[in-house]
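Colleague: Structure for this input, please:
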Amino acid sequence: MTAISIGPLVFDGARFAAVVALLLFFLVVEIAARLQKGDAGRWAGIAVLAWILGARTGFVIANWSAFTPHPLDALKLWQGGFLPAAGWAGGIAVLLLALLRRARGAALPLVLGGAVALAGHQAVIAALPPRPSVTLPDLQLIALDGRGVQLGGRGWPVVLNLWATWCPPCRREMPMMTDLAANTPGVEFVFANQGEEAARIMAFLRDEKLPREGMIRDPHGRLMGALGAIGLPSTLVFDAKGRLVAAQTGEISRAALARMIAQATGE
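Modeller: So this is what the prediction gives:
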């Protein structure tokens with residue numbers, strides 16, 4: 001998997017690149033604004049907001065079928081899901097507005113900031129190690145009733161979610177994931193709890209009114225090492241031959257997971 005760990009913080013590679021780009025944008029705009037003694041700083045905030053709203057709106061429209069049954073999911077920006085082209089359109093609109101209003105010294109800092117942010121984003125993406133060729137590990141794990149469960153060799157697409165009850169993002173995304181599992185025929189969902197006892201897992205499922213289907217235990221966290229996962233939650237999607245086709249570290253949205261599943265099924 002491609003994730004970045006900075007102390008206790010763990011970022012998916014794509015999200016880390018976005019954070020770097022955002023910091024570079026504000027830094028360059030601030031430096032340019034101080035040199036020009038203009039008001040580019042105020043416009044920078046507007047441009048970033050326009051980028052986020054544009055990119056999110058574009059993503060929602062592109063994945064409308066996933067958002068129609070759950071429209072409030074469009075507000076869950078922390079789950080990710082942005083269409084960069086639509087975001088740049090929003091940023092360019094703010095630049096044009098600044099030009100029309102003849103904002104003092106705003107245009108050049110915004111252009112420089114955007115160029116450096118884009119270059120920084122691409123540099124981080126290029127520097128990330130390529131995703132290794134991974135297959136669904138052939139490990140024997142434990143069902144909640146104590147039975148042994150063989151993970152590999154299933155013969156159909158698998159969504160593998162590594163989670164724990166103490167992990168807030170895991171808890172937030174679990175209702176969505178179990179609902180998607182119940183409504184995605186031909187794809188098996190496996191929820192591999194990392195390091196917790198069966199009693200604690202079952203208490204969590206009971207309190208949250210979540211199903212037990214697909215829940216297994218990985219008491220020693222062997223999957224984390226086998227898959228190169230460095231944070232929870234981690235969601236990995238494998239095709240029918242057990243090959244990894246997509247993965248994300250951190251909370252995932254319904255739309256993003258549906259797109260990952262489509263990659264695995266070829267739809």
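Colleague: which residues in the stretch 1-150 of the chain form strands?
Modeller: For the stretch 1-150 of the chain, the strands defined by DSSP state E, counting those that start in this stretch occupy 3-6, 9-12, 140-143, 148-150.
Colleague: for the last one, the distance to its chain's centre please.
Modeller: The chain centre lies 29 Å from the centre of strand 148-150; the measure is CA atoms, centre = their mean, to the nearest Å.
Colleague: Outside of the helix or strand following it itself, list whatever touches it.
Modeller: The helix or strand immediately downstream of strand 148-150 is strand 158-163, counting by DSSP states H and E. Residues from elsewhere that reach strand 158-163 (CB atoms under 8 Å, 6 or more residues apart in numbering): 136, 151, 170, 174, 177, 181, 187-194, 218, 223-224, 227, 229, 232-238, 242, 257, 260-261. Glycine gets a C-beta too; all of them are placed from N, C-alpha and C.
Colleague: again with stretch 38-58
Modeller: For stretch 38-58, contacts defined as CB under 8 Å, 6+ apart pick out 22, 25-26, 29-30, 32-33, 74, 77, 81-91, 93-95, 98, 103-106, 108-110, 113-114.
Colleague: hmm, 7 Å instead?
Modeller: With contacts defined as CB atoms under 7 Å, 6 or more residues apart in numbering, stretch 38-58 is touched by 22, 25-26, 29-30, 32-33, 77, 82-87, 89-91, 93-94, 98, 103-106, 109-110, 113.
Colleague: avg pLDDT for that stretch?
Modeller: The pLDDT scores in stretch 38-58 average 92.
Colleague: Show me what counts as buried in it.
Modeller: Residues of stretch 38-58 classed as buried by neighbour count (16 or more other CB atoms under 10 Å): 38, 40, 43-44, 46-48, 50-52, 54-58.
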